[in-house]
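K.L.:
Provided below for reference: sequence and predicted model.
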Amino acid sequence: MKKLFLENEYVCHGSLESTNVTLFKPDINSEFFSINPIHPSLDYGWNKKPNLYNFNTPRRADINVTKFRNLLFEMDGIDLNQQLEMLDALPLKFTYITYSGNKSYHAIVSLQNDLPYEAHTEKAIEQYRSLWSKLCALFDKILIEKGYNLPINKKSFFDPATKNPSRLSRTPNAIRSNGVKQQLVYEGDFLTEELLLELLSSAPIDEERPYIKLDKTELECKTHDQFMAVIPSGLYIQLKFPQNWAAPEGLYPIMFRLALWAIDSCGVRKNILLNFMSKNTFPVLLKAGYPEHKLQKPIDHAYLLKGLE
């Protein structure tokens with residue numbers, strides 16, 4: 001599990017009912033663990049049930065997740081051998097696949113870069129769930145196109161209960177309560193940001209699952225004047241005067257991060273940001289030899305990653 005967490009991060013592990021939070025150790029041998037790191041000392045959701053929770057007592061909860069890095073996918077009601085076959089048919093390699101010790105495998109995707117969501121907010125939880133749902137919709141589409149049939153009375157091959165960020169997963173190679181070993185059957189690598197965005201851009205929009213898209217009204221800056229009134233000076237300088245970073249190639253990461261900065265700091269709508277960049281940023285990049293067809297792609301991907309296409 002070393003690929004899922006950093007050395008100084010905390011997780012919840014133990015039984016299915018466990019909520020206590022401890023420092024992550026690669027040799028955890030308890031039955032379950034939380035798939036994303038948890039705040040080690042505070043409960044950001046204590047005020048929802050102040051008679052049960054305390055601000056200074058950490059616990060496993062979505063609101064207490066500190067980094068959004070790992071996603072869990074699990075199938076039920078499908079033959080075990082077919083589950084592995086189906087997971088292998090998807091256009092990515094999972095970071096870990098662990099036998100649950102019963103009727104399923106727990107497949108975890110660990111991202112190369114943490115998702116740029118603001119921890120300890122309801123918005124971040126919804127963004128994470130939205131991203132999981134988009135990937136699930138894509139996986140379903142691919143598997144159906146490959147000839148697999150959905151389980152009876154199911155709308156997906158995957159259990160929707162696994163889409164929350166503090167979800168518990170089976171610990172690789174630990175012993176389940178029934179005495180069966182939760183065997184680690186596959187170890188892969190991280191999912192790159194480039195492949196993640198490629199997958200999201202090809203994911204279908206399922207109108208029966210409205211949580212796939214976030215409400216665009218959450219974006220606060222709807223006009224150029226509103227954007228100019230709140231834009232951080234550092235971001236303004238980077239966008240207005242890009243001569244210091246303009247180049248004929250390799251600008252995708254820079255523009256992607258600038259777009260995320262604009263979204264997070266200003267809540268600016270995509271058309272407003274693109275209008276500003278078209279007048280100030282893009283002409284300089286074109287003059288430096290950067291291809292015109294690549295200009296908008298990182299901006300589109302930033303809004304896509306935020307669930308704000």
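P.N.:
Arrived safely.

K.L.:
the strands in the stretch 101-250 of the chain, which residues?
P.N.:
With DSSP state E, counting those that start in this stretch, the ranges of strands along the stretch 101-250 of the chain come out as 105-110, 168-170, 184-187.

K.L.:
please name whichever of these is nearest to residue 202.
P.N.:
Comparison of these against residue 202 by C-beta to C-beta identifies strand 105-110 as nearest, at 16.0 Å. Every residue, glycine included, has its C-beta placed from N, CA and C.

K.L.:
quick one: strands adjacent to the closest one?
P.N.:
Strand pairing for strand 105-110, using DSSP bridges, gives strand 70-74 (antiparallel), strand 96-99 (antiparallel).

K.L.:
now render those strands as TSV, adding mean neighbour count and mean pLDDT.
P.N.:
Shown next, in TSV, are the strands paired with strand 105-110 (neighbours: other C-beta atoms under 10 Å; pLDDT from 0 to 100):
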stretch	mean neighbour count	mean pLDDT
strand 70-74	24	98
strand 96-99	23	97
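
K.L.:
out of those, the one nearest residue 265 is which?
P.N.:
Short answer: strand 70-74, nearest of the strands paired with strand 105-110 by C-beta to C-beta, at 26.2 Å.

K.L.:
now do the helix or strand just after the closest one: which elements does it pack against?
P.N.:
The helix or strand immediately downstream of strand 70-74 is helix 80-88, counting by DSSP states H and E. Where contact means 3 or more C-beta pairs under 8 Å, 6 or more residues apart in numbering; DSSP states H and E, helix 80-88 is packed against strand 96-99, strand 105-110.

K.L.:
for helix 80-88, buried residues please.
P.N.:
Residues 83-84, 86-87 are the ones in helix 80-88 that count as buried (16 or more other C-beta atoms under 10 Å).

K.L.:
with mean pLDDT added, can I get the strands of the stretch 101-250 of the chain in TSV?
P.N.:
Formatted as TSV, those follow (pLDDT from 0 to 100):
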stretch	mean pLDDT
strand 105-110	98
strand 168-170	96
strand 184-187	96
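
K.L.:
grab the longest helix from this protein for me.
P.N.:
helix 122-145 (DSSP state H).

K.L.:
what mean pLDDT does that one have?
P.N.:
If you average the pLDDT over helix 122-145, you get 91.

K.L.:
in TSV: the strands of the stretch 101-250 of the chain, plus mean neighbour count and distance to residue 238.
P.N.:
Formatted as TSV, those follow (neighbours: other C-beta atoms under 10 Å; distance: least, C-beta to C-beta, whole Å):
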stretch	mean neighbour count	distance to residue 238
strand 105-110	24	30
strand 168-170	23	39
strand 184-187	15	39
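
K.L.:
looking at these, which is closest to residue 14?
P.N.:
Residue 14 lies closest, by C-beta to C-beta, to one member of the strands of the stretch 101-250 of the chain: strand 168-170, at 9.1 Å.

K.L.:
what comes into contact with that closest one?
P.N.:
12, 16, 31-35, 60, 72, 98-101, 106, 108, 176, 182 (C-beta atoms under 8 Å, 6 or more residues apart in numbering).

K.L.:
where in this structure is pLDDT low?
P.N.:
Applying pLDDT under 70 to the chain flags the ranges 205-219, 309.

K.L.:
and stretch 143-157, what's buried?
P.N.:
Quick answer for stretch 143-157 (16+ other C-beta under 10 Å): 143, 148, 154, 156-157.

K.L.:
could you dump those residues to JSON lines with distance to residue 26?
P.N.:
Shown next, in JSON lines, are the buried residues of stretch 143-157 (distance: C-beta to C-beta, whole Å):
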{"residue": "143", "distance to residue 26": "33"}
{"residue": "148", "distance to residue 26": "35"}
{"residue": "154", "distance to residue 26": "35"}
{"residue": "156", "distance to residue 26": "32"}
{"residue": "157", "distance to residue 26": "31"}
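
K.L.:
in helices, which of those fall?
P.N.:
Reading helices off those with DSSP H, I get residue 143.

K.L.:
follow-up on the earlier one: buried only: go through the contacts of strand 168-170 for me.
P.N.:
12, 31-35, 60, 72, 98-101, 106, 108, 176, 182.
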